[in-house]
Structure formats: C-alpha cells, structure tokens
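Student: Sequence and predicted structure, then a few things I'm wondering about:
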Number of protein chains: 2
Amino acid sequence: MDQKNSVSPAFVLVNPQLGENIGKAARAMLNFGQQDMILVSPRDGWPNASAFPSASGADQVLMKAKLVDTTRQAIENCGLVFASTVRPRGMNKPIVTPKEAVQMMVAAHRDNVKSALLFGPERSGLENDDIILADAILTVPVNPDFGSLNLAQAVILMAYEISQALDRNLSDTNSYIEKASKKDLFGLIDHLMADLENTGFFRSVDRRDTQRRMIFNLVQNASMTVQEVQTWRGIIKSLSRGKSITG
Amino acid sequence: MDQKNSVSPAFVLVNPQLGENIGKAARAMLNFGQQDMILVSPRDGWPNASAFPSASGADQVLMKAKLVDTTRQAIENCGLVFASTVRPRGMNKPIVTPKEAVQMMVAAHRDNVKSALLFGPERSGLENDDIILADAILTVPVNPDFGSLNLAQAVILMAYEISQALDRNLSDTNSYIEKASKKDLFGLIDHLMADLENTGFFRSVDRRDTQRRMIFNLVQNASMTVQEVQTWRGIIKSLSRGKSITG
C-alpha cells in the first residue's frame, strides 16, 4: 500500500464564497496528492464554472467534490475532525498545530478512522456551530500581528504537512549527475599544481602547504561532474597558454 | 534574541508578472513574520498599485520592498542562495527540501550570513542564468503528477518552514564563518571570464553559453570563504602571467 497517498482526510470547505477560491483550494490539495474535497453549501451553488480556471488543471478534484447541505453531513463518516481557525475562540477544546493534527490523523488512519479538516468561509471563518463539531481546533502558528491566512494557503499548509509526515523516507533528494571519480579530480589537481609551479605561484615555502590544501579542498567541495573536470582542465590550459608560448 | 524572527532571508521575486501576485507574496511572507522582499525588474514596473489590494494589509512589506535591475544585485550581500524550482534542471547543484534549506539558513544566520530565496516569474519559473547564481536548488516535494505551485504558495511554504525551525533539533554543522559574499564571487568570476576571453578560451560561439554557465556553477558550488576567493584570484593571476608577459 502506498502510505503516502493513504492518509487522505476530507478537506471540507464550509460555505465557501468565491468559486475561484474553491479552485485554488483544489489545486493546493492536488499539489500534495490530496483529492477528497467536500463542499458544504457553497454560496454561489455547485458546480461553479469559475472554480475551474483557478484550479490550473486540478479539475479531477473539483469533478469528484462531494456536495452536502450541512457540516454534519460532511463529516458523518469521519472519526477525527479538526476545525481550522486562526484564533482559538475561548472554547473548551484542544488546540493543535498542523504537525500535531497530522500525527493524530496518521494514528487514526492506522485504525481505519477517517479524518476531516474544516475550513470556514473566506471572510468570516468557521462559525462556533461548526467548531463544536470538531475534536480539536487546528491553528497555524502565524504572526500574531498579521494572522489572516487565505483559504488556499490554509489548505496548502495542511496538505504539505501531511505529505511531510509520510514522506520522510523519500526526502533524500540530493543527487549528482555523472559525478567525477577521485581519479579525475586528482588528475585535475595535479594539472593545476604543475601549472602553478611553472608560473611561480608558490613563492612562500611557509604558505605552500596551506595553499595546496586549500586548493585541494576547493576542488573537492565543488563536487564536479566528469564534464566539469574537463572544462576546468580546459580553463587551466587556456590560462597557461601564454606561458607555454614563452616557455 | 528571538531566533525565530531573526532568520529572515531575502525573498527575491525575479521578474514577477502580476502586481496582484507580488501583493499575495507579501501577505504570505508577513503571515509568518517575514518582511524582506526584493523585486528584480517586475514586468509592470514598481511601485504597482495593483499589488496593494491583494496584500490584504501587508503594505509594510510592499512599501519596504527593494527594487533592483538584476538578480545579481539582489543577492550580492548574501552568502547562501536558494533557487526555487519545481523541477531540477539537470544542473550539477545540490537539491534541497524546504526543511533542509531552513536548516542551512539557520546555520548561516548563526554565522551572520544572510540568505536569499529566489522565486521565478509566475508562468515560466527561474531561468538557468538565475539558477546558476544559487548555492542549491530548492524543490518542494510536490505530487509528481501535478507540480505547479503558484508564487504565493511557494512563498508561504518557505515562510512557514522558517517559522517552524524552532521546533526542530538543529544538528547542522555546516559553518558559514567568513563565507565569501556573492559580490566577492562575482568579482572572481568576472576576473576568470576576462582572462579566459583574453586567452581565447571561448572559441566556439555555440558552446560559449554552456561553458559560461558551467564555470559559474563550479565557482558557486565550491562554497568559498573570503580567503579562498583571494587564493583563486591569485591562481588565475599566476596562470595568466605568461600571457600578460607576451601580450
């Protein structure tokens, strides 16, 4: 089973206002492989043609979006529900960060319990009547002086955190193309050293070893490809050309 | 010192197209306390009135945004630069996740080295000539079948990850002490290029751009200190000496 795609909470948009923002939320979800969208009584009805252009190709999410009348209907098959709000509302309910919410969702998923994330209308956010349906309040720790996250941004941060929780083994993305062997590197270094000798670079005997090490280090750190080693050898040859003409 | 707010890279928008998207990026930055925006030749000029409505009150970020002509100018005071792209471009450069980039930025910040994040134009993304200026390619691990992150979303994910950095165990040992600024590096590259021109290195017009980028990349990737840049300039001078004697 592909665990990455398997933690897929319902992204429940409660009374979303603009079709454009529904489209952007769909795009944000699909950016991280999430596809389960539920729309609770969108203001302008559903389907809404203005959602599609802003989805930038995430039409599959919009086409499969489930339409319901109430938040209760949206979450009735779920066992773990988070209400996304910027400010805790003085309600007696646990408040969790995105990471904590994701941990809880992963644990729920292990026990075959479906989760849901509630997002309120763009302007006003979730009503208290929706928040009380949730197990916990999900609050992104934003700048306290400037807390307004838009809908698609709140959605993408959650979709991203879910992907991060499940992606840890896949994050080894460093790779190098046709990396040069040590032998190639030594050849380059020897070439450079020889030409530096010939052009009188190592004037001070005291500093010579330090300079050598520094040069070695630099060539090392550059993590060159075979092609790049060849380019550097061409560079050294070119720069030294005048000398060999005179010599 | 509040470490959380003190890691404040420059968010460099390279040739952004719509003022609206600049505003959204500003809002996304301020959501997580980031305020250092640099604009490289925005398509519609700057200031741009259409940026303000979409900033939703993050006007302070827009008002303080620095305007420059080139990406090089944007980053010349920085010692650690990331190029944000969805797809690695087959360039020999480390590829890092947002979390890895943040770890590097935190380490750099500890050594008083400023970082920058480059974001390309909305439609096309960063050009190769901008990417080669960076120390690493920053790639958000998105859904491989649907990779298009919009500008404000890419910005908010990075701003969010920086804000999350306090939660993590920062074991990064990379040191940025005395790391050369981009200005130092550009000086070195210009010196090398000039001498290569003089010694007839760029014989093939066709390959010239490729070679130029490769050289740029190599100097970038070597992650040099101030001292090392001086050493390389000495090396170039020494190797070229024969030429100047004959010339």
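Tutor: Everything's here; your move.

Student: Worst mean pLDDT across the helices and strands of chain A, which element?
Tutor: Ranked by mean pLDDT, DSSP states H and E, the weakest helix or strand in chain A is helix A:3-6, scoring a mean of 52.

Student: Show me the shaky parts of chain A.
Tutor: Along chain A, the parts satisfying pLDDT under 70 run over A:1-5, A:87-90, A:167-179, A:220-221, A:223, A:242-247.

Student: For residue A:113, which residues are in contact?
Tutor: A:78-80 (CB atoms under 8 Å, 6 or more residues apart in numbering or on different chains). C-beta: built from backbone N, CA, C; applies to glycine.

Student: Next, work out how far apart it and residue A:82 are.
Tutor: Distance check for residue A:113 against residue A:82: by CB to CB, to the nearest Å, it reads 13 Å.

Student: dump the residue contacts of the residue nearest the centre of chain A.
Tutor: Nearest to the mean C-alpha position of chain A, by CA atoms, centre = their mean, lies residue A:160 at 5.6 Å. The neighbourhood of residue A:160, defined by CB under 8 Å, 6+ apart, consists of A:31-32, B:140, B:157, B:160.

Student: try 10 Å
Tutor: Residues in contact with residue A:160 (CB atoms under 10 Å, 6 or more residues apart in numbering or on different chains) are A:28, A:31-32, A:34, A:98, A:102, A:167, B:98, B:140-142, B:149, B:153, B:156-157, B:160-161.

Student: ditto for residue A:135
Tutor: Taking CB under 10 Å, 6+ apart as the test, what residue A:135 contacts is A:78-83, A:93-94, A:96, A:101, A:104, A:108, A:115-116.

Student: and those residues, which of them are in helices?
Tutor: A:101, A:104, A:108 (DSSP state H).

Student: For PyMOL, what selects the buried ones among these?
Tutor: Of the ones in helices among the contacts of residue A:135, the buried ones can be selected in PyMOL as follows, counting by 16 or more other CB atoms under 10 Å in any protein chain shown:
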select buried, chain A and resi 101+104+108
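
Student: Reformat the ones in helices among the contacts of residue A:135 as a markdown table; add distance to chain B.
Tutor: Listed next are the ones in helices among the contacts of residue A:135 as a markdown table, based on distance: CB to the nearest CB, whole Å:
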| residue | distance to chain B |
| --- | --- |
| A:101 | 14 |
| A:104 | 16 |
| A:108 | 22 |
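
Student: quick check, nearest of the ones in helices among the contacts of residue A:135 to residue A:190?
Tutor: Closest approach to residue A:190 among the ones in helices among the contacts of residue A:135 (CB to CB): residue A:101, at 57.1 Å.

Student: can you give me the helices in chain A?
Tutor: Under DSSP H, chain A gives helices at A:3-6, A:19-31, A:51-55, A:59-64, A:71-74, A:98-110, A:128-131, A:151-166, A:182-198, A:205-221, A:226-246.

Student: How about the contacts made by residue A:79?
Tutor: Listed by CB under 10 Å, 6+ apart, the contact set of residue A:79 reads A:108, A:111-116, A:135.

Student: For residue A:74, state which of those residues is nearest.
Tutor: Closest approach between these and residue A:74, by CB to CB: residue A:116, at 6.8 Å.

Student: That closest one contacts residue A:73, correct?
Tutor: No: in this structure residue A:116 lies outside contact range of residue A:73 using CB atoms under 10 Å: 11.4 Å.

Student: on that earlier part again, common neighbours of residue A:113 and residue A:82, please.
Tutor: Jointly contacting residue A:113 and residue A:82 under the rule CB under 10 Å, 6+ apart are A:104-105.

Student: just the buried members of the contacts of residue A:160?
Tutor: The neighbour-count test (16+ other CB under 10 Å) applied to the contacts of residue A:160 identifies A:28, A:31-32, A:34, A:98, A:102, A:167, B:98, B:140-142, B:149, B:153, B:156-157, B:160-161 as buried.

Student: Distance check, the nearest residue to residue A:98 once chain neighbours are set aside against residue A:51.
Tutor: Excluding the flanking residues, the one nearest residue A:98 by CB to CB, 6 or more residues apart in numbering or on different chains is residue A:161, at 4.4 Å. Per CB to CB, residue A:161 is found 24 Å from residue A:51.

Student: now stretch A:144-162: how far from the chain's centre is it?
Tutor: Its chain's average C-alpha position is 13 Å from that of stretch A:144-162, according to CA atoms, centre = their mean, to the nearest Å.

Student: just stretch A:42-53 next, same as before
Tutor: That offset, for stretch A:42-53, works out to 27 Å (CA atoms, centre = their mean).

Student: Show residues contacting it.
Tutor: When contacts are defined by CB under 10 Å, 6+ apart, stretch A:42-53 is touched by residues A:13-26, A:39, A:58-59, A:61-63, A:65-67, A:121-122.

Student: And the buried ones among those residues, selectable in PyMOL?
Tutor: Applying 16+ other CB under 10 Å to those, the buried members can be selected in PyMOL as follows:
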select buried, chain A and resi 13+14+15+16+17+18+19+20+21+22+23+24+25+26+39+58+61+62+65+121+122
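
Student: What's the local residue count around residue A:106?
Tutor: Residue A:106: 16 surrounding residues under other CB atoms under 10 Å in any protein chain shown.

Student: residue contacts, it?
Tutor: Neighbours of residue A:106 in contact, by CB under 10 Å, 6+ apart: A:3, A:6-7, A:115, A:162, A:165-166.

Student: hmm, 6 Å instead?
Tutor: A:7, A:165 (CB atoms under 6 Å, 6 or more residues apart in numbering or on different chains).

Student: Distance check, it against chain B.
Tutor: According to CB to the nearest CB, to the nearest Å, residue A:106 stands 17 Å off from chain B.

Student: Same question for residue A:188.
Tutor: Distance from residue A:188 to chain B, by CB to the nearest CB: 11 Å.

Student: For the spatially closest residue to that residue that is not a sequence neighbour, list the residues it contacts.
Tutor: The spatial neighbour of residue A:188 that comes closest, neighbours along the chain excluded (CB to CB, 6+ apart), is residue A:229 at 5.1 Å. Taking CB under 6 Å, 6+ apart, we find residue A:229 in contact with A:180, A:184, A:188.
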